[in-house]
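Trainee: Return a 3D structure for these sequence lines:
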Amino acid sequence: MATAKRLENIKEYYFSKKLREVDELNKQGKDIINLGIGSPDLPPHPDVIKTLQEESAKPNVHGYQSYKGSPVFRNAIADWYKKWYNVSLDANKEILPLMGSKEGIMHICMTYLQEGDKVLVPNPGYPTYASNVSLTGAEMLPYSLKEENNYEPDFDELEQQDLSKVKLLFANYPQMPTGQEATIELFEKLVAFARKHHILIIHDNPYSFILNENPKSILSVEGALDVAIELNSLSKSHNMAGWRLGMLLAKEERINEILRFKSNMDSGMFLPLQLAAAKALTLGKDWHDSVNKVYKARRAKVYELLDLLECTYRKEQVGLFMWAKIPAKYKDGYELADDILYKANVFITPGGIFGSEGNNYIRISLCGNMERFEEAIRRVNRDFAGLKRFA
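Mentor: Numbering: from 1, shown residues only. The predicted structure follows:
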């Protein structure tokens, strides 16, 4: 049976393929330490789990739910956006709960894109942007994010391109994989650019609470709601990645357009999940501080690991990862990542999976207990850095 043409340019996700190799190495007794994946290993707040338990025990919560999500969850999202981002949203018209923000990327692409359309996608950036664009038949136009420009778009360079067929621009700040923090000035430039060229910005914002004292939303910029959609998630901010709880924030017109596609793809989420998510969104600064205290300690260990690998990095990064430039002796991040995997049994992510601008970088996740990071340092120092010393 032949597969559809839409899959011709879609490759298997790097982690899907590489983790099979890691699994085979583990079967051989290698005991690989995985520092590549950004899946939070800390639990949600106990009150969130308690809410899920109590609500799911009720007999009347197991049926189909509204395609637009529970009003309780939507109102909690509106309150959360007002409290943390100073953004006022209409819970009935401008908020669409999602089964994780990743599905929102597909919903948006399928709603607005077709053959002949073009989309600006960050390089480096989340690979799902590019793959979802390709599935629609639209053309991806990568725009470079360079360290010397603080991983911000070069708007002068963008202005020199033919933008007449560009419908969407994907952006993501705090940026993944580079850890570049968001600034209001950048958001203002993005909104002005989108307004000038009649482009819809898709801003992906799941990392704004991790190692970041000042969460920001592009929707806080005046007029942003006219030209932007924001995606957000509880996966990282509330340690609920496997719960698949996200949100799409946009003008009522955009919500209704996207709902035309989404309502043909899935039904509403399990109500107790939504009620537990609403509880999570009421947590205060003490919760985020406690989570970030753990990540700060882990980040200090990652600094040690990167120093052993002779990588260079910025300590101003925010988010769930550390992004680092590899030593010049390696041709790219793939070579360094494989070297560490096979010599020290430690798996890290090569930056090239995020685009060509990431070829000379690696990414290390902050997910994992302290013992794992300490063991990774010990292995690299003994089996990898030690080999270099005696070569």
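Trainee: Please confirm that Pro97 is located within a strand.
Mentor: Yes - counting by DSSP: H, G, I helix; E, B strand; the rest coil, Pro97 is located in a strand.
Trainee: That one and Glu8: what is the separation?
Mentor: Taking C-beta to C-beta, to the nearest Å as the measure, Pro97 falls 33 Å from Glu8. Quick note: C-beta positions are derived from backbone N, CA and C, even for glycine.
Trainee: So for the two, which sits in the more crowded spot?
Mentor: Pro97 (24 against 8; other C-beta atoms under 10 Å).
Trainee: Contact partners for the closest residue to the more buried one other than its chain neighbours?
Mentor: Leaving aside its chain neighbours, Pro97 sits nearest to Gly69 (3.2 Å; criterion: C-beta to C-beta, 6 or more residues apart in numbering). Neighbour list for Gly69: Ile95, Leu96, Pro97, Gly268, Met269, Gln274 [criterion: C-beta atoms under 8 Å, 6 or more residues apart in numbering].
Trainee: Which strands and helices lie in contact with the strand or helix carrying Ile105?
Mentor: Using DSSP states H and E, Ile105 sits within helix 101-112. Counting contacts by 3 or more C-beta pairs under 8 Å, 6 or more residues apart in numbering; DSSP states H and E, helix 101-112 packs against strand 95-98, helix 127-136, strand 166-171, strand 200-204, strand 228-233, strand 246-249, helix 252-262.
Trainee: Could you dump those into CSV with mean pLDDT and distance to Glu152 added?
Mentor: Compiled in CSV, those are given as follows (pLDDT from 0 to 100; distance: least, C-beta to C-beta, whole Å):
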stretch, mean pLDDT, distance to Glu152
strand 95-98, 97, 27
helix 127-136, 94, 17
strand 166-171, 98, 10
strand 200-204, 98, 14
strand 228-233, 98, 16
strand 246-249, 97, 22
helix 252-262, 96, 25
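Trainee: so which of those gets nearest Thr312?
Mentor: Of all the helices and strands packed on helix 101-112, helix 127-136 sits nearest to Thr312, with 24.2 Å by C-beta to C-beta.
Trainee: and the angle for the closest one with strand 200-204?
Mentor: When axes from the mean of the first three to the mean of the last three C-alpha atoms, to 10 degrees is applied, the directions of helix 127-136 and strand 200-204 differ by 140 degrees.
Trainee: elements contacting helix 127-136?
Mentor: helix 101-112, strand 118-123, strand 139-144.
Trainee: how about TSV for those, with distance to Ile210 added?
Mentor: Output for the helices and strands packed on helix 127-136, formatted as TSV (distance: least, C-beta to C-beta, whole Å):
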stretch	distance to Ile210
helix 101-112	15
strand 118-123	19
strand 139-144	25
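Trainee: Would you tell me which one of those is buried the most?
Mentor: Highest mean neighbour count among the helices and strands packed on helix 127-136 (mean count of other C-beta atoms under 10 Å): strand 118-123, with a mean of 24.
Trainee: tell me the mean pLDDT over it?
Mentor: Average pLDDT, strand 118-123: 98.
Trainee: For that strand, C-alpha coordinates in CSV please.
Mentor: Taking Å, rounded to 0.1, in the frame of the first residue of the first chain, the C-alpha atoms of strand 118-123 are listed here in CSV:
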residue,chain,number,x,y,z
LYS,A,118,4.6,29.9,2.3
VAL,A,119,5.5,29.9,6.0
LEU,A,120,8.4,31.5,7.9
VAL,A,121,9.9,29.0,10.3
PRO,A,122,12.8,29.6,12.7
ASN,A,123,16.1,27.9,12.2
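Trainee: so how far is that strand from its chain's centroid?
Mentor: Its chain's average C-alpha position is 16 Å from that of strand 118-123, according to C-alpha atoms, centre = their mean, to the nearest Å.
Trainee: Pull the residues that contact that strand.
Mentor: So strand 118-123 is contacted by 109, 113, 129-130, 133, 138-145, 153, 158, 165-172, 175, 199, 354-358 (C-beta under 8 Å, 6+ apart).
Trainee: That strand versus strand 139-144: what angle between them?
Mentor: Strand 118-123 runs at 40 degrees relative to strand 139-144, counting by the same axes, to 10 degrees.
Trainee: what are the pairing partners of strand 118-123, and which direction each?
Mentor: Using DSSP bridges, strand 118-123 pairs in its sheet with strand 139-144 (parallel), strand 166-171 (parallel).
Trainee: who touches the first one?
Mentor: Where contact means C-beta under 8 Å, 6+ apart, the residues beyond strand 139-144 that reach it are 117-123, 129-130, 133-134, 153-154, 157-158, 161, 166, 355-357.
Trainee: hang on, Leu89 packs against Ala76?
Mentor: No - when contacts are counted by C-beta atoms under 8 Å, Leu89 is not listed as touching Ala76 (11.5 Å).
Trainee: could you flag which of the contacts of strand 139-144 are buried?
Mentor: Buried members of the contacts of strand 139-144, counted by 16 or more other C-beta atoms under 10 Å: 117-123, 129-130, 133-134, 153, 158, 166, 355, 357.
Trainee: And these, which is closest to Val22?
Mentor: So of those, ranked by how close each gets to Val22 (C-beta to C-beta), first place is Gly355, at 22.7 Å.
Trainee: Number of residues surrounding Asn214?
Mentor: Neighbours of Asn214 under the rule other C-beta under 10 Å: 11.
Trainee: which SS class is it?
Mentor: Applying three-state DSSP: Asn214 is coil.
Trainee: Check the gap between it and Asn9 for me.
Mentor: 39 Å.
Trainee: what's the answer for Glu54, then?
Mentor: Distance, Glu54 to Asn9, by C-beta to C-beta: 47 Å.
Trainee: Lys146 now?
Mentor: Applying C-beta to C-beta to Lys146 and Asn9 gives a distance of 26 Å.
Trainee: Please apply the same query to Ser217.
Mentor: Distance of Ser217 to Asn9, given as C-beta to C-beta: 33 Å.
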